[in-house]
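>>> A predicted structure for the sequence below; I have some questions about it.
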Amino acid sequence: MNETRVRYAPSPTGDPHIGNLRSAIFNWLFAKKENGKFILRIEDTDQSRIVKNGIEKQQEALLWLGMQWDELYIQSERKSIYAKYSQKLIEEDKAYRCYATEEELDELRQKQKSEKKITRYDGRYRDYDKEKSLSRSKKEPYVIRFKSPQNGETQCFDKIRGGITFNNKELDDFVIIKSDGFPTYHFANVVDDHLMKISHVMRAEEWLPSLPKHVNIYNALGWEMPTFVHLPMILAPDKTKLSKRHGATSVQDFIDQGYIKPAMFNFLVLLGWAFDDKTEQFTINELKNIFDINKISKSPAIFNKEKLDWFNGKYIREINTNELAKEISIFFENSIEPNNFNIISSYDFKKIANMVKERSKTLNDSLILSEFLFKKPKFESKEEIITMCESDDQCKLVLEKSFKLLSDTKDFSISNLQNKLKKLMDDLNLKPKQVLGTLRIVITNQKISPPIFDCLNILEKEESLIRIQTAIDYL
RNA sequence: GGCCCCAUCGUCUAACGGUUAGGACAUCACCCUCUCAAGGUGGGAAUACGGAUUCGAAUUCCGUUGGGGUCACCA
């Protein structure tokens, strides 16, 4: 049996897209499952679209999810290889130089459009004199086009869809080498997949229409074909291709919004793949063993953000405290002003993690819940404070008694605070809302906050008393 | 528009000819409750349509409709 070798082949033209990352996950998991190799190939043959740090961004996205590649190739460094094979095709009369200019081609397309014909290259240099072609190549720019078969059919095979037949009349002589000498995707991808001994080409379904082009190149070069696996598209809720106008689409967007690695990985793997009828939470290690390309679905999947949120919240609740504390500290540092981060750093991030984990869907939620740590309550009116009570006097009573109680309390553990304050409620014959609600306002002044016991616990005695006293003074 | 792919609750999906069509997210109701969550219990919700094959079809075949993708010297 041949070794399983798969590749993830992004082009470094922007921020890594979440849909591409899903393709990477499928490839990587399949490689792990089969004890094969996961190859990263940078498809940077369009010099005009290259973005600074494009390669690094792609690598960082993979590493964020813990996907390490076994081999790395960069197409722009392999220019001569593609030239060699294109030359071979010319010599064998399976490709030819085309001298048509952009303007010429535009004109052709316009004409075809106005005549309501299909727009495609008309093969004007297909049978051009070989001597002339060669001599012109010495002084004029040209592209190299592939001589597509004009009759018959091209049989293709996709692992999850089966056989697909294309009528060769639909094909045109597409460009394989551009005038700047770089190969087009269609050509570089075939040459590289062959040379790199790729066993399975797993890529997005949007490539399916160009499969016959690739198949014909394989045939022309006399190469054996890999298994093609076209992955279902990931669509936006409006059922169109997921793009920037739908909001977050790049990997960095999701990191910035506070999504964490295991949730992202788990969520993405379920877009177009399922294990069985009830299991849906998996660790990455489990997936390495159970991932099965035969279970990849055919139909496109809509990106269901609510479910991602749920997964993220679930993982935030379940990962261990140290890990969450680390995620939180990194996220906070990147999200808030240095001054505020300094204040919040004086608290124990593990304590913060425990305080917010039950009620955070994202790390950004964690941040919002923690804001009271560096934002002291500021009141606009007395009403804000007394809203939980029946009267000013009752509110004052609650605050004064609480102040006294907490002053006398040494043990600020959550359980002890619960006991003490419960007793206070009983003694004063007041409802939880009146006592705990009022304290929550005075301590955090947040509509949504962690439970008051957690807040007092993390703030500790001194700061808690200061905040209560401040409110009493204000009343 | 040509070509290609696809079609199970709103969404992600399970089912590999025989199930009361299962699970999850979301949603609704109730419980819990210091806010918000989490958690618990329960409810509603799907095989696009029409033929054919078969004792029997979500499942196979054909058509219709719908959706998506793709038609560059971008990938």
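Nice, I can see it.
>>> now the strands for the stretch 151-300 of chain A?
A:153-158, A:162-167, A:175-177, A:200-204, A:227-231, A:234-235 (DSSP state E, counting those that start in this stretch).
>>> relative to A:Phe38, which of these is closest?
strand A:200-204 (10.8 Å; C-beta to C-beta). Every residue, glycine included, has its C-beta placed from N, CA and C.
>>> about what we covered before: make CSV from the strands of the stretch 151-300 of chain A and add distance to A:Val215 and mean pLDDT to it.
Output for the strands of the stretch 151-300 of chain A, formatted as CSV (distance: least, C-beta to C-beta, whole Å; pLDDT from 0 to 100):
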stretch, distance to A:Val215, mean pLDDT
strand A:153-158, 5, 96
strand A:162-167, 9, 94
strand A:175-177, 14, 97
strand A:200-204, 11, 97
strand A:227-231, 9, 97
strand A:234-235, 25, 94
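>>> mind giving me a markdown table with those and columns for mean neighbour count and distance to A:Met425?
Shown next, in a markdown table, are the strands of the stretch 151-300 of chain A (neighbours: other C-beta atoms under 10 Å; distance: least, C-beta to C-beta, whole Å):
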| stretch | mean neighbour count | distance to A:Met425 |
| --- | --- | --- |
| strand A:153-158 | 16 | 67 |
| strand A:162-167 | 12 | 69 |
| strand A:175-177 | 23 | 79 |
| strand A:200-204 | 22 | 59 |
| strand A:227-231 | 21 | 58 |
| strand A:234-235 | 21 | 52 |
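>>> any weak-confidence spans in chain A?
Low-confidence regions of chain A, defined by pLDDT under 70, span residues A:1.
>>> any idea how it splits into domains?
Domain ranges of chain A: A:5-69+A:234-308, A:78-190+A:205-231, A:319-371, A:382-474, per automatic domain parsing.
>>> could I get these as CSV with distance to RNA strand B?
Below are the domains of chain A laid out as CSV (distance: least, C-beta to the nearest atom of the strand, whole Å):
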stretch, distance to RNA strand B
domain A:5-69+A:234-308, 3
domain A:78-190+A:205-231, 3
domain A:319-371, 4
domain A:382-474, 3
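>>> kindly reformat the strands of the stretch 151-300 of chain A as a markdown table containing distance to A:Thr438.
What follows is the strands of the stretch 151-300 of chain A, written out as a markdown table (distance: least, C-beta to C-beta, whole Å):
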| stretch | distance to A:Thr438 |
| --- | --- |
| strand A:153-158 | 65 |
| strand A:162-167 | 68 |
| strand A:175-177 | 73 |
| strand A:200-204 | 56 |
| strand A:227-231 | 55 |
| strand A:234-235 | 48 |
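>>> out of these, nearest to A:Ala9?
Closest of the strands of the stretch 151-300 of chain A to A:Ala9 is strand A:200-204, at 7.4 Å (criterion: C-beta to C-beta).
>>> which helices and strands does the closest one pack with?
Here strand A:200-204 touches strand A:5-8, helix A:18-33, strand A:227-231, going by 3 or more C-beta pairs under 8 Å, 6 or more residues apart in numbering; DSSP states H and E.
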